[in-house]
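Enquirer: Coordinates for the following, if possible.
(one chain, ligands or ions: 1)
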Amino acid sequence: MFNGPKITASGPTLASRRCSPAFLDFGLWTLDFKFPPVNPFDDELNKRLTGIREQGLYRQLRRVDSPQSPRIEISGQTLLNFSSNDYLGLADEPALKEAAIEAVQKYGAGTGASRLVCGSLAPHHELEEAIAAFKKTGAALSFSTGYAAAIGTVCALVGKDDVIIIDKLVHACIVDAARLSGAKLRVFSHNDLNELEDILKWSRRDELRESHNPRHVLILTESVFSMDGDHAPLREITQLKNKYGAWLMVDEAHATGLYGPNRRGLAEEFGIASEIEVQMGTLGKALGASGGYICGSRALIDFLINRARTFIFSTAPVPAAAAAATAGIRFVQSNAGEQRRRLLWEQVAKLLSLLKLPEPQIPSAIIPVIIGDETQTVATADELLHHHCFVPAIRYPTVARGKARLRITVTAAHELDDLKTLAGALANVNRKSPAAPKLLSEGGQIVN
Ligand code: PMP
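Expert: Got it, this is the predicted structure:
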């Protein structure tokens, strides 16, 4: 039997090129080799993936077959979940689910186009009125994600004639927004007010001016830092921005719902919310739904409706998401919201005590355990899975190289037994793994 190349009486068709890159073209005659298909594109990507694996940075999705809650089902196993930003346990809360279902029944599943093109559905308006009332600002605008809110807003506010100053540890969406804006980007060391002031002085120098346009300076920080759980000195930053006539944008993604007398966020806690030009946040963390928002003056929101490209050129979020977020805000504003918050801080205090860690001045639901090495961090997280605890291994580029960590998050929905199981699992890993002995004892490398 002839096993060599098959001779076909046709030119090299697109199909033969696609399924068999190894062919010899003799005009009308194609020698079509039956080699396994080698796709140079995939080949290139597989090489890159190998590089990612070698650095201990490979990521893969884990399918979850249950709602986000303290217990999640992964691969048929029920695991204790210490990975979620659902701090108040609202993601599976009946009030939010019912609001989403009602919105689907009344307004349908989809939204058809962007809100400026096909009309703006009532649930989005209700959500924005709820955000503005909650945050006590003139107006608010919702986006499909917090990421989109950051990109759209920063790029609308500043451009190449301007300066943007960010804390070194801000979330990737802020870094990307700053880069994309084209503004001159300066980074200050984490929470370093002296460096921030030096950059502010520098930004005022006249030789920086490249055109006759007025130069604007935008300072951007998170209020509670997503991977460290510590907080920004917002009062001092506000004083500096006032002193140098800069604008301030604060991302309250991990603070909204948790801090301040009315749970508006850390800016409320510090009493400086009204001095911040741009308040940003997400709807997918303590608020239990998904999406992002910006709030501030009516002028800011009208400007963003006209200039924020991630808002203008993107299909509106589904009505269910907007309605769930509105219900989340109402829940947080209610007495039940205050109870949840209290419960959260109680649970956080219990876990810290079980782990023999000090309580920080301002509590945080984010407890990072820095291991450093990426591969060791993944191995430690895998070890915790054997103890039925799901704690994510956070690595570069989410944090700097060599700063890999376990990011433990506590929610109001956890129970004391869950916390004890985690503490027991960490102690066990501590005993067993050479990577971990100093994680949680002898002052360890815990950050906050
Ligand atoms: N800001 C911070 C501080 C975040 O942690 C995140 C996401 N985890 C975002 C913004 C982006 O929000 P979203 O997930 O809604 O895109």
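Enquirer: When you work out contacts or count neighbours from here on, use the C-alpha atoms and nothing else.
Expert: Will do.
Enquirer: Mind checking what helix or strand follows whichever strand or helix holds D198 in sequence?
Expert: D198 is located in helix 193-203, with elements delineated by DSSP states H and E. Following helix 193-203 in sequence order, the next helix or strand is strand 217-222 (DSSP H and E).
Enquirer: contacting residues around that next one?
Expert: Where contact means C-alpha atoms under 8 Å, 6 or more residues apart in numbering, the residues beyond strand 217-222 that reach it are 158, 162-167, 170-171, 174, 203, 231-232, 241, 245-253.
Enquirer: pLDDT below threshold where in the stretch 51-200 of the chain?
Expert: Within the stretch 51-200 of the chain, the set of residues satisfying pLDDT under 70 is empty.
Enquirer: who touches the residue in it that the ligand sits nearest to in this structure?
Expert: Nearest residue of the stretch 51-200 of the chain to the ligand (C-alpha to the nearest ligand atom) works out as G146 at 3.4 Å. Taking C-alpha under 8 Å, 6+ apart as the definition of contact, the neighbours of G146 are 173, 253, 280-283, 291-293.
Enquirer: Cross-reference the residues you listed with the strands and report the matches.
Expert: With strands taken from DSSP state E, the overlap with these comprises 280-282, 292-293.
Enquirer: Who does the closest residue to the residue of the stretch 51-200 of the chain closest to the ligand other than its chain neighbours form a beta bridge with?
Expert: The spatial neighbour of G146 that comes closest, neighbours along the chain excluded (C-alpha to C-alpha, 6 or more residues apart in numbering), is G292 at 3.7 Å. Going by DSSP bridges, G292 is paired in beta bridges with F143, T282.
Enquirer: pLDDT score for G292?
Expert: The predicted structure scores G292 at 98 on the pLDDT scale.
Enquirer: do the same with D228
Expert: pLDDT, the model's per-residue confidence, is 96 for D228.
Enquirer: does the spatially closest residue to it that is not a sequence neighbour count as helix, strand or coil?
Expert: For D228, ignoring the flanking residues on the chain, the nearest one in space by C-alpha to C-alpha, 6+ apart is P368 at 5.8 Å. Here P368 is recorded as strand under DSSP: H, G, I helix; E, B strand; the rest coil.
Enquirer: In terms of pLDDT, where does P368 sit?
Expert: On the pLDDT scale, P368 is placed at 96.
Enquirer: Around the ligand, pick out the residues from this protein.
Expert: Contact residues, the chain versus the ligand (C-alpha under 6 Å from any ligand atom): 145-147, 171, 226, 253, 282, 284, 291-292.
Enquirer: what's next to whichever helix or strand L406 is part of, contact-wise?
Expert: Under DSSP H and E, the secondary-structure element containing L406 is strand 404-409. Counting by C-alpha under 8 Å, 6+ apart, strand 404-409 makes contact with 82-85, 87, 227, 365-374, 377, 381, 391-396, all of which sit outside it.
Enquirer: one step back: which members of the contacts of G146 are classed as buried?
Expert: Taking 16 or more other C-alpha atoms under 10 Å as the criterion, what is buried in the contacts of G146 is 253, 280-283, 291-293.
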